[in-house]
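Visitor: What follows is a predicted structure for the sequence shown.
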Amino acid sequence: MAYAELSIIERAEGGRWPWWRAGTRASRLLLALFVALQFADVVSTNYALAIPGVWEANPLMALSRAELGALWWLPKLAAIGLVALTAPWSRRRWPMFLVIAISGGAVLINLAHL
């Protein structure tokens, strides 16, 4: 592609797409599904942990709950942000499918406790 054919934004980025335009529609839908499942995981975890006898199975989130209390979801929010910023640059979709499957499983387990 000739330099003259690039848009102003592409020229500013050195011929590369800026991050907000990277990826395909399917990749953006997978990212939106990931974020929605993470939100559902936080909400369903809070409801499930309010039931006596239910505990957090993820050791990192259990530590986060013990140290941060009601703000236990802040490290999860940071991880979601990291994935949201880096996922559009990935050329492979299988890691996102794997994370979505794991997140969906966590939400289903939480819902089974309700």
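Guide: Sure thing, it's come through. Residues are numbered from 1 along each chain as shown.

Visitor: Report pLDDT for Trp20.
Guide: Listed pLDDT for Trp20 reads 51.

Visitor: What ranges in the chain fall below the confidence cut-off?
Guide: For the chain, the stretches with pLDDT under 70 are 1-23.

Visitor: can you tell me the helix or strand for the residue nearest to the spatial centre of the chain?
Guide: Centroid-nearest residue in the chain: Ile80, 3.9 Å away (criterion: C-alpha atoms, centre = their mean). According to DSSP states H and E, Ile80 maps onto helix 74-86.

Visitor: Check which residues of the following helix or strand past that helix are buried.
Guide: Next along the chain after helix 74-86, taking DSSP H and E as the criterion, comes helix 94-113. Within helix 94-113, the residues that count as buried by 16 or more other C-beta atoms under 10 Å are 96, 99-100, 103, 106-107, 110. C-beta coordinates here come from the backbone N, C-alpha and C atoms, glycine included.

Visitor: With distance to Glu67 as added columns, please give these in CSV.
Guide: Listed next are the buried residues of helix 94-113 as CSV, based on distance: C-beta to C-beta, whole Å:
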residue, distance to Glu67
Met96, 29
Val99, 24
Ile100, 28
Ser103, 22
Ala106, 20
Val107, 24
Asn110, 21
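
Visitor: Looking at the residues you listed, spot the one nearest Pro59.
Guide: Ala106 (13.7 Å; C-beta to C-beta).

Visitor: which residues does that closest one contact?
Guide: 41, 45, 58 (C-beta atoms under 8 Å, 6 or more residues apart in numbering).

Visitor: Please tell me how far it sits from Arg92.
Guide: 22 Å (C-beta to C-beta, to the nearest Å).

Visitor: same question, Gly53
Guide: Shown here: Gly53 relative to Arg92, a distance of 40 Å by C-beta to C-beta.

Visitor: so Val35 touches Gly81, yeah?
Guide: No. The criterion here is C-beta atoms under 8 Å, and Val35 misses it with Gly81 at 9.7 Å.
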